[in-house]
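**Student:** give me the fold of what follows.
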Amino acid sequence: MKSKLTWMLTPLLVLCMSFSFSQEKTISGVVTDQNGLPLPGVAVLVEGTTNGTQTDFDGNYSVNARVGQVLRYSYLGQKTVTRTVGAASTVNVQMEDDAQALQEVVVQGYRNSTKEKSSIASVTINADETIQNRPNASFVQTLSGQVAGLNITTNSGQPGASSNVNLRGVTSINGNTQPLYIIDGVPVDQDNFRSLNPQDIASVSVLKDAGATAIYGNRGANGVIVIKTRQGTYNSGLQVNYTGILSFNTLQDNDYNLMDSQEQLTLEQLRGAGRGATLTDEQIAAAPTFDWANFFFRTGLTQNHTVSLQSGSENFSQFTSFGYFDQEGILQDSGLKRFSIRNNTNGKSENEKFTYSTSFTTNYSTSNEPNNIGSGAINRNFILGAYQSVPYITPDDYTNGADLLSPLVFSNTPLFLLDRLLTFDRKYEEVKLLGSFQAGYKITDNLSANVTMSADYQSEFRTEAEGPASFNALLFGGAENPTSGYQRQDSRRQFTYNQVTSLNYNNTWGKHSLDAGVYSEYFKAHLRQFGYNANGLNPKTFYPGDGAGIIPVFFDGAAGALLFPDFATATIRNAGLFSVFSQADYDYDGRYGITGTVRRDASYRFAGSNRYATFYSVAGRWNIDNEAFMENSVFDVLKLRASYGTAGNQTISGTGYFAAPDLTKNFFATGSGYGNNNSTFLSQIANTTLRWETVTQGNVGIDFELFRNRLRGSVDGYVKETSDLFQSTPVSAINAVTSLNANTGTLKNTGVDLTLNYNIVNGGDDGFNLVLNFVGNYNKQELGEIPTETGIVENVDGLTRNANGGILNEYFLLRYAGVNPANGNLLFLDADGNVTENPDADTDRVGLNKNFFPDYNGSFGFNMDYKGFFLQTQFNYTIGVDRFDFDLSSFQNPDNIGQFRSSRDLLRAWTPDNRITDIPSYDAFNRASFTSDRYLTDADFIRLRFASIGYNFPQRLLEGTGFSRLRVFGNAENLVTFTKWRGFDVEALSNTSRLYPTPKTLSIGFELGF
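**Tutor:** Model (predicted):
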């Protein structure tokens, strides 16, 4: 009986089990990123079927599947995850970053998207590949050449120096042209990152077009750069990583062909000027040659150490890092030390409805920063001493500052500056705190509320002191005054607070999906500054930064004057912004998408009638590769994008939050009036019509990938026009004011961005891989509606102009035509192109259609790896830049003979026996009469901006060592430059001479993981 029952029940049991396994059920859950935050747009597919769905805005999904089937979760920038369906109906998944695909994640305003569903022009850079382990104190310098349309130049080699950053051209004449920076939700409006550790950065996203920047409204006119720092991961043990880098910084080369002592003294003897005029031939032959460039410049060492710890439990994760950076500048008495601590946390509730994250960093830096760089001060500018000091004077000629007072000759310039090195101190101390808190609560499956609160605190303290026994103190205080000198101290504190509150809705139905949000943003900034300048220091008790040596002011009866008067300064500034905005993104079937943004901004800078402004954008896309007719084509990805919109610039004068805060008000001042009597007079006329500068931008772009993703890239064309430019407009002088700040004129930038990557060889993880890359931008400028009767405004530098239909800061000069072989005088062209020795400086100048902004810029290079060995290169290039080489002008100036060092170029100067030459006669009557384009130089270049070589040790070699990771590498920055420019640094965006050049850098380092 039992046997019969068994045989009867067995088929029934099999049938029931088969039914159980074949019956579909609904699987639902939440997909989060590595920080535990909801991840929208994740594709969830039942393997082997066409059944699938996508997660909504809060990471929720629901799909039908049978027990035993496999669910595949995929998202661009994340590693693909699979889960086998079991008895549970709820499957929650946490994704992990895929470093190889991180660039596919698109930061889109206040949310993330995928490259497939993005309609904007943006680039995301993975810090592991192109930012980490570089020796630059500021990560902004590291971005140079990596993003099409992003032009970054640095005018100073001072460690931690700020850079000039322009995205798709310059959008303002007098206002701010820098992008908005956002670090973990903290908005930072200026390039000041000397106190932030680049090793903490995980990714950098550059948002370019109006579709991306309009949501940032009042601060998005110049583009937006979003920085995300490193995070911990849930359900992970403690991971410890250490990175150590040692760098050697040296001066770049020059081609000025400078004279040695024998040549210099012989020339002085010939001209009867300087020390050479007093020496015999034998004395000249015995003179030493000393290179002051090797004295004022040095090989600077840089140490960079970072230790990071990350870990996570089921509902909490953290990342903590400690950094120490110490860089010696290549210029004497310049350097930067930085200490940094960062802590990032992420958390969620048990039911995952509430999520939060915090980001906090504390940074302290101290830097020595020589001043007067770029000036002609022979007693203060160390760069001038390094470049132009005569070689026959040596440091052995120095005794003390007092001995340099008589005779007071310019050829002693290096000794003046050597004395300053010994007696002058200038130091900056900075404390910078950045913090943010983000929280979100899921009200329903489709509706959530979010808030981001952030703060930026920066405290700077500057100390500058010139010792009482120094040459400068004695020179300006009088040799009979033993208590001269000065000490200056300045304290500046700045605090900003920003809060964004939002309500977000996300839903998917059928082939449709909608992501929408409404937002409000509140911003407040405060500045407090106080400083003093104390004149007169007691050499017996003086110490830089200490008040013991300061001498009180007193009245000198014999001289009838106050001695040692002190001065104090104080500033209070407040700034505020308020905005409301909304954005909606709609997708149909993964093929078509449209995004709309509208934002209403208010700024403290304008009168009530113009305080508010509205900005907007609309962006759309067509994923052509998802169309049926694209099956079996060579294109893996082909997407057409377009956007149009506006953004505002309320920083219409200068940079920072506090520039030009009160131009809408009348101001009066006191001072000397008629008969030297105290008077009150009008100092500023209010302009209540001032309003925002508005940048309107249109963009059309194509993203493509071909041949199984081996060739990929994007091309974008854009037109970017700024209207209501902030500039001076002529007015009647009835109130003793001849111009008034107003909104007038336009500035248009038209250009193309191009990015290409080509996998020439793809051998996989264990094979040989070679990838070529190219980044390029072309940009053309055009000015309009110049506010003068002639349509031309000449700039105060005497070199440039702005004219209707012309480019920004166009050179407006006499044209140099060479040397007159008959007499050695300089030749020029008049306005009609006729050769003359006596041009009219007013009527013969012409526009040259040249400036120092590039027409083309970008980079090219390759990445190569084989079995753990890797080699990476990046060559930056710039085309269409013209700069004045005033350093060369000084070296070729015959009037400097006897005072400063000369170039050997002067040896081929015109003489009756050397008539065909490019160097005029020493005594040419017009050698210093006219400003022309003689020293306007082609500053195009190709530079090996970065190269890296190293080895990643495979896991099999690390077994039993206790290390989970070991990587060694060597890097080079600015190693080789190809250019016609003869100076030390072609890259500077400036016509100023005697600048502090950026260094050439070689680094070695290693990474350890535990």
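**Student:** so where's the stretch 351-500 of the chain uncertain?
**Tutor:** 478-482 (pLDDT under 70).
**Student:** which stretches in it count as helices?
**Tutor:** For the stretch 351-500 of the chain, the helices defined by DSSP state H, counting those that start in this stretch cover 382-388, 413-423, 471-477.
**Student:** just name the most buried of the ones you listed.
**Tutor:** Mean neighbours per residue, mean count of other C-beta atoms under 10 Å, is largest over the helices of the stretch 351-500 of the chain for helix 382-388, with a mean of 26. C-beta here means a position set from N, CA and C on the backbone, and glycine is covered the same way.
**Student:** which helices and strands does it pack with?
**Tutor:** helix 293-296, helix 413-423, helix 886-891 (3 or more C-beta pairs under 8 Å, 6 or more residues apart in numbering; DSSP states H and E).
**Student:** looking at those, which is nearest to residue 271?
**Tutor:** Closest to residue 271 of the helices and strands packed on helix 382-388, according to C-beta to C-beta: helix 886-891, at 15.3 Å.
**Student:** for the very next helix or strand once past the closest one, packing partners?
**Tutor:** The helix or strand immediately downstream of helix 886-891 is strand 936-938, counting by DSSP states H and E. Here strand 936-938 touches strand 882-884, going by 3+ C-beta pairs under 8 Å, 6+ apart.
**Student:** returning to that earlier point: could you dump the helices and strands packed on helix 382-388 to CSV with distance to residue 537?
**Tutor:** Formatted as CSV, these follow (distance: least, C-beta to C-beta, whole Å):
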stretch, distance to residue 537
helix 293-296, 26
helix 413-423, 11
helix 886-891, 34
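**Student:** can you say which of the ones you listed is nearest to residue 694?
**Tutor:** helix 886-891 (36.9 Å).
**Student:** could I get the buried residue list for that closest one?
**Tutor:** 886, 887, 888, 890, 891 (16 or more other C-beta atoms under 10 Å).
**Student:** ok, those vs residue 876, which is closest?
**Tutor:** residue 887 (22.2 Å).
**Student:** isn't the closest one up against residue 992?
**Tutor:** No - using C-beta atoms under 8 Å, residue 887 is not in contact with residue 992, being 9.9 Å away.
**Student:** which residues do these two both contact?
**Tutor:** The overlap between the contact sets of residue 887 and residue 992 (C-beta atoms under 8 Å, 6 or more residues apart in numbering) is empty.
**Student:** does residue 629 sit in a helix, a strand or a coil?
**Tutor:** With DSSP: H, G, I helix; E, B strand; the rest coil as the basis, residue 629 sits in helix.
**Student:** burial check on it, number of neighbours?
**Tutor:** A count of neighbours around residue 629, defined by other C-beta atoms under 10 Å, yields 7.
**Student:** what's the answer for residue 47, then?
**Tutor:** With other C-beta under 10 Å as criterion, residue 47 counts 13.
**Student:** go on, residue 490?
**Tutor:** Neighbours of residue 490 (other C-beta under 10 Å): 16.
**Student:** quick check: it touching residue 569?
**Tutor:** Yes - look at residue 490 against residue 569 with C-beta under 8 Å: they come within range, at 7.5 Å.
**Student:** overlap in contacts, the two.
**Tutor:** 529, 530, 531.
**Student:** helix or strand for the second one, which one?
**Tutor:** If you go by DSSP H and E, residue 530 is part of strand 512-535.
**Student:** let me see the contact set for the nearest residue to residue 584 once chain neighbours are set aside.
**Tutor:** Nearest non-adjacent residue to residue 584, counting by C-beta to C-beta, 6 or more residues apart in numbering: residue 516, 4.1 Å away. When contacts are counted by C-beta under 8 Å, 6+ apart, residue 516 is found next to 504, 505, 506, 582, 583, 584, 585.
**Student:** could you measure from residue 516 over to residue 510?
**Tutor:** Residue 516 is 18 Å from residue 510, where distance means C-beta to C-beta, to the nearest Å.
**Student:** please apply the same query to residue 869.
**Tutor:** For residue 869, the distance to residue 510 - C-beta to C-beta - is 51 Å.
**Student:** the more surrounded of the two?
**Tutor:** residue 869 (12 against 7).
**Student:** tell me what the more buried one is bridged to.
**Tutor:** For residue 869, the beta-bridge partners are residue 866, residue 951 (DSSP bridges).
**Student:** for it, list the residues it contacts.
**Tutor:** 949, 950, 951.
**Student:** where does the protein have its least confident helix or strand?
**Tutor:** Ranked by mean pLDDT, DSSP states H and E, the helix or strand of the chain with the weakest confidence is helix 2-22, at a mean of 41.
**Student:** quick one: contacts of the very next helix or strand once past that helix?
**Tutor:** The first helix or strand that comes after helix 2-22 along the chain, using DSSP H and E, is strand 24-32. The contact list for strand 24-32 (C-beta under 8 Å, 6+ apart) reads 38-39, 42, 44, 55, 58-67, 71, 73, 75, 85, 89-95, 234, 348, 352.
**Student:** buried set for strand 24-32?
**Tutor:** Residues of strand 24-32 classed as buried: 27, 29, 30, 31, 32 (neighbour count, 16+ other C-beta under 10 Å).
**Student:** residues touching the most centrally placed residue in the chain, list them.
**Tutor:** Most central in the chain under C-alpha atoms, centre = their mean is residue 140, positioned 3.8 Å from the mean C-alpha point. Taking C-beta under 8 Å, 6+ apart as the contact definition, residue 140 lies against 152, 162, 163, 165, 191, 193.
**Student:** got it, and residue 491?
**Tutor:** Residue 491 is in contact with 459, 460, 461, 462, 529, 530, 531, counting by C-beta under 8 Å, 6+ apart.
**Student:** thought the last one was touching residue 566?
**Tutor:** No - using C-beta under 8 Å, residue 531 makes no contact with residue 566, being 11.1 Å away.
**Student:** how near is residue 938 to residue 252?
**Tutor:** Counting by C-beta to C-beta - residue 938 and residue 252 are separated by 18 Å.
**Student:** count the neighbours of the residue nearest to residue 708 when sequence neighbours are not counted for me.
**Tutor:** Excluding the flanking residues, the one nearest residue 708 by C-beta to C-beta, 6+ apart is residue 636, at 6.4 Å. Counted with other C-beta under 10 Å, the neighbours of residue 636 add up to 16.
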